[in-house]
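[1] Model the structure of this input:
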Amino acid sequence: MGKDSKSKEAKGKGKQAGGGSDESASKGKGKAGKGDVLGTCTYVKARHILCEKQGKINEAYKKLQDGWLSNGDKVPPAEFAKVAQEYSECPSGKKGGDLGWFPRGKMAGPFQEVAFNTVIGATSAPFKSTHGYHIILCEGRKN
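    You can find the predicted model right below:
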């Protein structure tokens, strides 16, 4: 239990990529429903950047860091969309990485875990899934 959240936080370098520990859940804020904490909502609205190579996703993350993440981990969706259009290798990249609203259970493994445990308005640290390397911007959550 404790091992998962510690190892993911260490690997992810960002506090939003944590694995849903009580500590990260208590930091949830924004448009979440009453009583909703990180990881417990039914739907998430997100954007993402997907790259096959780790070096390319790190380059995209650095661009976000240099422009916005150094100012409190908040990247405006329009700015994230510009970086997604430039770097993402997913078809959604043409739409600024917009995935719209998706329910719990639709996305696989680590992608779902990070998406449902990232604070609204925050950007995850780069992470790996079976599809490649991702960065997620959480735009909303609802039940």
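
[2] Which residue ranges of the chain form helices?
    Remark: helices of the chain, listed N- to C-terminal, are 2-12, 22-25, 54-67, 77-87, 109-116; assignment by DSSP state H.

[3] Return the member of the ones you listed having the minimum mean pLDDT.
    Per-stretch averages of pLDDT across those put helix 22-25 at the bottom, with a mean of 32.

[4] How about Gly109, nearest residue that isn't a chain neighbour?
    Excluding its sequence neighbours, the residue lying closest to Gly109 (C-beta to C-beta, 6 or more residues apart in numbering) is Ser129, at 6.3 Å. C-beta here means a position set from N, CA and C on the backbone, and glycine is covered the same way.

[5] Would you agree that neighbour is in contact with Phe111?
    Yes: using C-beta atoms under 8 Å as the test, Ser129 is close enough to Phe111 to be in contact (4.9 Å).

[6] who's more crowded, the two?
    When neighbours are counted by other C-beta atoms under 10 Å, Ser129 and Phe111 differ, and Phe111 comes out ahead with 23 against 16.

[7] so what's that one up against?
    By C-beta atoms under 8 Å, 6 or more residues apart in numbering, the contact list for Phe111 reads 48, 129, 131, 134, 136.

[8] Among the residues you listed, which ones are in strands?
    Judged by DSSP state E, strands contain the following of the contacts of Phe111: 48, 129, 134, 136.
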